[in-house]
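> Fold the following.
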Amino acid sequence: MPELPEVETVVRTLRPAIVGRRILNAEFRQARVLIGSAQATARALIGRRIKAIERYGKFIAIRLDRGWLVVHLGMTGKLLVDAERTKWTHAIFTLDTGVLHYDDQRQLDASNTARTCPSAWQRWGLNRWRFRSKNSRAG
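Model (predicted):
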């Protein structure tokens, strides 16, 4: 599991590459990295603009114009910008400029939708990343 300085390095590296970008498409290639429906999560993300990226403990919080995409890298997870797809690429976020990939060899993380941040994390536990649009019901 990455330590706090490693997570902070990821946030600082991603910030100039993704803040201000719009998510044009979201594709989930591995169901195990999702909680809930891939189609519903993709629909909720498409068209959202990335407003900020922050670190809360070991969570990476990507603030969108509506809602949040929260990532926990688990033991082997990586967020990569404009990288080659590999057999471990489980989520692909096509941006208006570039592509953000989520790669994880062990597939120990999960994803869904959340309206607030970071209060929702208390019920999520470790190894979770979620997103919920403001129009979604809290779950």
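> how far does stretch 61-80 stretch from start to finish?
The first and last residues of stretch 61-80 sit 15 Å apart, counting by C-alpha to C-alpha, to the nearest Å.
> Quick one: mean pLDDT over that stretch.
Taken as a whole, stretch 61-80 has a mean pLDDT of 87.
> Might you list the low-confidence residue ranges for the protein?
Scanning the chain for pLDDT under 70 picks out the ranges 1, 35, 107-139.
> ok, then the element right after the helix ranked longest in it?
Taking DSSP state H as the criterion, the chain has its longest helix at helix 4-18. For helix 4-18, the following helix or strand on the C-terminal side (DSSP states H and E) is strand 23-28.
> Check which helices and strands the longest helix of the chain sits against.
Contact here means 3 or more C-beta pairs under 8 Å, 6 or more residues apart in numbering; DSSP states H and E; on that basis helix 4-18 packs against strand 50-56, strand 59-64, strand 77-81. For glycine as for every other residue, the C-beta is placed from the backbone atoms N, C-alpha and C.
> Hmm, I62 is touching L69, no?
Yes - with contact defined as C-beta atoms under 8 Å, I62 reaches L69; the gap is 4.2 Å.
> Now do the same for the closest residue in space to Q30 that isn't next to it in sequence: helix, strand or coil?
By the measure of C-beta to C-beta, 6 or more residues apart in numbering, the closest residue to Q30 outside its immediate chain neighbours is H90, 3.9 Å from it. Secondary structure state of H90, per DSSP: H, G, I helix; E, B strand; the rest coil, is strand.
> now swap in the one 4 residues further on and tell me
Each residue gets one of three states, and T94 gets strand by three-state DSSP.
> Tell me which residues touch it, please.
If a contact means C-beta atoms under 8 Å, 6 or more residues apart in numbering, then T94 has 23-27 as its contacts.
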